[in-house]
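Colleague: fold the following, please.
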Amino acid sequence: MINILALIALGPLVGGTKAPLTKDLVDTAISAGQFETLVTAIKAAGLVDTLKGDGPFTVFAPTDEAFAQIPQEQLNALLADRDALTKVLTYHVVAGKVTAEQVVTLSQATTVQGQNITISSDNGVKVNDASVIKTDIMCRNGVIHVIDKVILPR
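Modeller: As a prediction, the model looks like this:
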């Protein structure tokens, strides 16, 4: 009998190998349907081309619900301030493709913004004070890990 979970883990097979990933980080976020605010922010900051580029990047992606925790007036001000928005967004990005298996071995990582994020896996995986709620959304140019809060540079 074929183990269905093993087949799902293999992903789509083409000629005995995994099919290449075709969607980049931005297109994957758009198609997921839970990152509309993040995509709006990426566009407002002028980061679309970067996150559609070769990478690879690891994105700790806040959901729409995570952005909804920010008061609307404060969020609107952030979206209107391209420099501040870029700093916040690039604080959610780490250079390289860091899978969940690798993330749990880290205590910190340097973001593209330049500051470190703290990573802990004592009681679930946390990035600063945000919980990782879904991992390893693989993209052509990196990986997305979903978080439940917007993390802010210090």
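Colleague: just the strands in this structure please.
Modeller: In the chain, the strands defined using DSSP state E lie at 13-14, 17-18, 57-62, 93-95, 108-110, 116-120, 126-127, 130-139, 142-147.
Colleague: would TSV of the ones you listed with mean pLDDT, distance to residue 70 and mean neighbour count be doable?
Modeller: Bear in mind the C-beta positions are built from the backbone N, C-alpha and C, glycine included. Shown next, in TSV, are the strands of the chain (pLDDT from 0 to 100; distance: least, C-beta to C-beta, whole Å; neighbours: other C-beta atoms under 10 Å):
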stretch	mean pLDDT	distance to residue 70	mean neighbour count
strand 13-14	36	42	10
strand 17-18	50	38	10
strand 57-62	98	9	25
strand 93-95	97	19	21
strand 108-110	97	23	14
strand 116-120	97	18	17
strand 126-127	96	17	22
strand 130-139	96	13	16
strand 142-147	97	14	24
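Colleague: format those as JSON lines; extra columns: distance to residue 84.
Modeller: Listed next are those as JSON lines, based on distance: least, C-beta to C-beta, whole Å:
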{"stretch": "strand 13-14", "distance to residue 84": "44"}
{"stretch": "strand 17-18", "distance to residue 84": "39"}
{"stretch": "strand 57-62", "distance to residue 84": "16"}
{"stretch": "strand 93-95", "distance to residue 84": "16"}
{"stretch": "strand 108-110", "distance to residue 84": "20"}
{"stretch": "strand 116-120", "distance to residue 84": "18"}
{"stretch": "strand 126-127", "distance to residue 84": "20"}
{"stretch": "strand 130-139", "distance to residue 84": "19"}
{"stretch": "strand 142-147", "distance to residue 84": "19"}
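Colleague: tell me which of those lies nearest to residue 153.
Modeller: Residue 153 lies closest to strand 116-120 among these, at 9.1 Å (C-beta to C-beta).
Colleague: which parts of this protein are helices?
Modeller: Assigned by DSSP state H, the helices in the chain fall at 4-10, 25-32, 36-45, 48-52, 64-68, 72-80, 82-90, 100-103.
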